[in-house]
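**Q** Could you look at this predicted model? Sequence included:
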Amino acid sequence: MIGDEGFKAAAEVAKTTGKAIEAGEKGGRYLAETFQEAIAAYAGALADSARGFRIRNRASVAIKTEKHLKSLGMDSSVLRVEERASIPLIEAVSLESDDGLQEMWANYIANAVDPSKGSIGITAIVTNVISKLEPEDKRVLDRLFEIDLAEMRRESLRLRATDFNVDEQALNFSLTRFVALGLFSCDNSGSVGYAAHEEHKMPCNLTVYSSVGWFQALPLLLMFKQSVVRA
C-alpha cells in the first residue's frame, strides 16, 4: 500500500489531472474520475471502515497507474474506458489490498491505454482473472512470465516444482486455481499426451509437472502476460 506521504503527493497530482480530465470528452471518463475521487477522498476515509478500505485500495492503484502513465509521457486524461469495462474493473480494484496485485492492476490499466499496445484494452476475461488471484499466485506468475511464451516451440518446455521459489503445496494450489481461470489445463491420468507432427510449432507450449499432475499452459496465459506485464 502507498504511505501517507505518497497520498499527500498524489492529492496534488489529482488537482492538476482533474483539470485535464474535465477538458476531455465526457464519454469513457468514468475510470479517470473514479480514480481522482478516490485520491481526493482518501484523507477523510476511516481506516477501519469498509468504505475506507475500498477507497484506499482504489487510490493506491490510481497512484501506481499514474506513475506508469507519467513514464509514458501521459496523464489521467487518457483513462477513457467505456463504462461496460470500467465499472467491473473499479469494483475489483476496490477489493484488492495486496501491493503486488495492485501493481498488476496498475500495469493492466496502463497497458490498456498505451497507444503502443492498442490491441490489448480492458477485457472482461483478464479483469476476472486478476480479481480471482491470491497474493501467492503472483510469485508463480512472475516465474512463468520470465519465459518467452510467444516463442513458437515444437516440444513443450517443461518445468518442475523446484523451478519455482514456492513450496510444492503452494504451487499446486496456484496451478489448480490457474486451471479454474483458464490459464492452464491439467492431466493427472499418467498419460504423456499426443505426439505432434515434427513440423508443428505453437506458442505457449509450456508444461509444469507437480505431484498433482501435468499442467499445460493455454493460450490465455500468453494473452494475460501481454495484458499485465510492462515491457
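**A** Cool, the structure landed.
**Q** now residue 212, what's its secondary structure?
**A** When classified by DSSP: H, G, I helix; E, B strand; the rest coil, residue 212 comes out as coil.
**Q** which residues sit in contact with it?
**A** Listed by C-beta atoms under 8 Å, 6 or more residues apart in numbering, the contact set of residue 212 reads 172, 175-176, 186, 188. The C-beta positions use only the backbone N, C-alpha and C, and glycine is treated the same way.
**Q** Relative to residue 54, how far out is the most centrally placed residue in the chain?
**A** In the chain, the residue lying closest to the centroid (C-alpha atoms, centre = their mean) is residue 104, at 3.7 Å. Distance of residue 104 to residue 54, computed by C-beta to C-beta, to the nearest Å: 18 Å.
**Q** Neighbours of residue 164, how many?
**A** 20 (other C-beta atoms under 10 Å).
**Q** Roughly how far does it sit from residue 102?
**A** In terms of C-beta to C-beta, residue 164 sits 22 Å off from residue 102.
**Q** Show me the one in the contacts of residue 212 that has more neighbours than the rest.
**A** residue 175 (21 neighbours).
**Q** Check which helix or strand it maps to.
**A** Under the criterion of DSSP states H and E, residue 175 resides in helix 168-181.
**Q** Which positions in that helix come out as buried?
**A** Neighbour counts over helix 168-181 (16 or more other C-beta atoms under 10 Å) mark 170-179, 181 as buried.
**Q** Among those residues, which pair sits farthest apart?
**A** 170 and 181 (16.5 Å; C-beta to C-beta).
**Q** could you dump the buried residues of helix 168-181 to CSV with pLDDT?
**A** Output for those, formatted as CSV (pLDDT from 0 to 100):
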residue, pLDDT
170, 96
171, 97
172, 97
173, 98
174, 98
175, 98
176, 98
177, 98
178, 99
179, 98
181, 99
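**Q** Please point out which parts of the top helix by length along the chain sit buried.
**A** Ranked by residue count, the top helix of the chain under DSSP state H comes out as helix 50-71. Residues of helix 50-71 classed as buried by neighbour count (16+ other C-beta under 10 Å): 53-66, 68-69.
**Q** Break this structure into its domains for me.
**A** Following automatic domain parsing, one gets these domains for the chain: 4-132, 136-228.
**Q** averaging pLDDT over each of the ones you listed, which comes out lowest?
**A** When the domains of the chain are compared by mean pLDDT, domain 4-132 comes last with a mean of 79.
**Q** Give me the distance from that domain to the chain's centre.
**A** Chain-centre distance of domain 4-132: 13 Å, with C-alpha atoms, centre = their mean, to the nearest Å.
**Q** for stretch 173-188, same thing?
**A** How far stretch 173-188 lies from its chain's middle: 17 Å, per C-alpha atoms, centre = their mean.
**Q** now the end-to-end length of that stretch.
**A** Terminal residues of stretch 173-188 are spaced 15 Å apart (C-alpha to C-alpha, to the nearest Å).
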